[in-house]
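Participant: Have a look at this prediction, sequence included:
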Amino acid sequence: MGFSKFLKFLRLKLRRRRVAERVAAVDFNGEEDDHNMDWCEQQRSKGGARLTLRMFSWEEIQKLTMNFSIVIGYGGFSTVYLAKLSDSSMAAAKIQFRCSQRLNEAYEKELEILLRINHPYIVKLIGYCDEDREEGTLILEHVANGNLHERLHGSNSSSILSWRGRMAIAFQLADAIDYLHKNSIVHCDIKASNILLDEHLNCKLCDFGSSKMGFSSLVVPSSSRAMMLGSPGYTDPHYLRTGLTSKKSDVYSFGVILLELICGMEALDPLSGSRLTKKAEHVLRGAEKVVEIADPRLRSGGDFDMEEAKAMADVAAMCLSDSPAHRPSLSEVLTTMRKKVSSISYLF
């Protein structure tokens, strides 16, 4: 065996051992161990049901995806295919290219996080494939109604997203991020295209390849631009200045999403490159001016509530504070929404 092949063999053995250890740390049959006691208690309080996870072979992945015939999404280094499971239900097969150490670590991180979380507004993991290939595969629940970016800004959107629907998505997203933060996970890439929508327009947060876990406060990422976290228009400016990201970076990104829902404009204008936070500066200084920038399409929906819009503009302004210390937690955002947004009281 040549030296390069020997190194490849060692890397494969180490990678598969790490994945096996992470899978073993989660009991798929619902029995609790000490390590996951807190998680299980939170899961019971959410009332969700855990799925039995399964490891698939590459041949099975090919069969499930009908030989990768239907593409339903793309990422920076991944492609998502429609998959049909043995019970005829549909799923999404995310094929993650891991031809470098960084990409492999991103795949392993996403797998590890999805193994440990279960929340009604976060996409669920069904299984995975971890064979000796440059691709890693995650089999995820299929969320059939596109994503929030397509719904708000796509030319093919079938109907206008109502005010009530927008506020429901904001509340569900805040609930999902709050759950992550309470479990010491920072998503690091909250954006409209990572918010999937199911048949009832419920939020399903996805894409944990950039996420950080196992800490409660700050993490210092690589100084390399190739390793920068987040997406243009959503990234915390404090992170861009200092290289420090935290839970409050997710809060900033949530504030941008809230502005998108209120204004109906993209976080980053694809033509001018201008940021929504810049366009809405005057609103952020005084929510009374929200009428000037509120999505005009909402008026035809009949359920638009200007007082709720003002309250949510105030929340967005706090989330977008230049100082992370002045931004609220997502728990505080949820408390405010429960008090100020009566149109979604059915969610409380």
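Facilitator: Thanks, I have it. Numbering: from 1, shown residues only.
Participant: So what's the gap between stretch 306-315 and the chain middle?
Facilitator: 24 Å (Cα atoms, centre = their mean, to the nearest Å).
Participant: Next, the buried residues of that stretch.
Facilitator: For stretch 306-315, the neighbour count (16 or more other Cβ atoms under 10 Å) marks 308-315 as buried. C-beta: built from backbone N, CA, C; applies to glycine.
Participant: now stretch 288-302
Facilitator: Buried positions in stretch 288-302, judged by neighbour count with 16+ other Cβ under 10 Å: 290, 293-295, 298, 301.
Participant: Please flag which of those sit within strands.
Facilitator: Members of the buried residues of stretch 288-302 lying in strands (criterion: DSSP state E): none.
Participant: Which member of those residues is positioned nearest Asp269?
Facilitator: Checking those against Asp269 with Cβ to Cβ, the nearest one is Ile293 at 13.8 Å.
Participant: From Cys263, how far off is that closest one?
Facilitator: 5 Å (Cβ to Cβ, to the nearest Å).
Participant: so Gln96 sits in a strand?
Facilitator: Yes: counting by DSSP: H, G, I helix; E, B strand; the rest coil, Gln96 is found in a strand.
Participant: Assign Ser343 to helix, strand or coil.
Facilitator: Judged by three-state DSSP, the three-state class of Ser343 is helix.
Participant: and it, what does it touch?
Facilitator: Going by Cβ atoms under 8 Å, 6 or more residues apart in numbering, Ser343 touches 163-164, 167, 303, 305, 308.
Participant: what's the spacing between it and Glu288?
Facilitator: 20 Å.
Participant: Repeat that for Ala174.
Facilitator: Here Ala174 is placed at a distance of 24 Å from Glu288 (Cβ to Cβ).
Participant: Also Met306?
Facilitator: Applying Cβ to Cβ, the value for Met306 to Glu288 is 10 Å.
Participant: Check Ala309 too.
Facilitator: According to Cβ to Cβ, Ala309 and Glu288 sit 11 Å apart.
Participant: now Leu244
Facilitator: According to Cβ to Cβ, Leu244 stands 34 Å off from Glu288.
Participant: low-scoring pLDDT stretches of this protein, where are they?
Facilitator: For the chain, the stretches with pLDDT under 70 are 1-51, 156-158, 214-229, 287.
Participant: buried stuff in stretch 190-200?
Facilitator: Neighbour-count burial for stretch 190-200, counted by 16+ other Cβ under 10 Å, picks out 190-197.
Participant: Please state the offset of it from the chain centre?
Facilitator: Distance, centroid of stretch 190-200 to centroid of chain: 8 Å (Cα atoms, centre = their mean).
Participant: How about stretch 312-322?
Facilitator: For stretch 312-322, the distance from its own C-alpha centre to the chain's C-alpha centre is 20 Å (Cα atoms, centre = their mean).
Participant: which residues touch it?
Facilitator: Residues outside stretch 312-322 that contact it (Cβ under 8 Å, 6+ apart): 167, 170, 237-238, 251-252, 254-256, 258-259, 261-262, 277, 283-285, 287, 290, 326-328, 333, 336-337, 340-341.
Participant: And those, which of them are buried?
Facilitator: 167, 170, 238, 251-252, 254-256, 258-259, 261-262, 277, 283-284, 287, 290, 327-328, 333, 336-337, 340-341.
Participant: In this structure, what residue spans correspond to helices?
Facilitator: Assigned by DSSP state H, the chain shows helices spanning 3-24, 37-46, 58-64, 101-116, 148-153, 163-182, 237-242, 247-263, 276-279, 281-285, 306-319, 330-340.
Participant: could those be laid out in a markdown table, adding distance to Asp87?
Facilitator: Output for these, formatted as a markdown table (distance: least, Cβ to Cβ, whole Å):
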| stretch | distance to Asp87 |
| --- | --- |
| helix 3-24 | 22 |
| helix 37-46 | 23 |
| helix 58-64 | 12 |
| helix 101-116 | 21 |
| helix 148-153 | 28 |
| helix 163-182 | 27 |
| helix 237-242 | 43 |
| helix 247-263 | 34 |
| helix 276-279 | 42 |
| helix 281-285 | 49 |
| helix 306-319 | 41 |
| helix 330-340 | 35 |
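Participant: Out of those helices, the one nearest Lys212 is which?
Facilitator: helix 101-116 (8.3 Å).
Participant: the inter-axis angle of that closest one versus helix 163-182?
Facilitator: 100 degrees (axes from the mean of the first three to the mean of the last three Cα atoms, to 10 degrees).
Participant: which secondary structure elements does helix 101-116 contact?
Facilitator: Where contact means 3 or more Cβ pairs under 8 Å, 6 or more residues apart in numbering; DSSP states H and E, helix 101-116 is packed against helix 3-24, strand 90-97, strand 125-129, strand 135-141, strand 212-213.
Participant: please redo it, this time with the cut-off set to 7 Å
Facilitator: Where contact means 3 or more Cβ pairs under 7 Å, 6 or more residues apart in numbering; DSSP states H and E, helix 101-116 is packed against helix 3-24, strand 125-129, strand 135-141.
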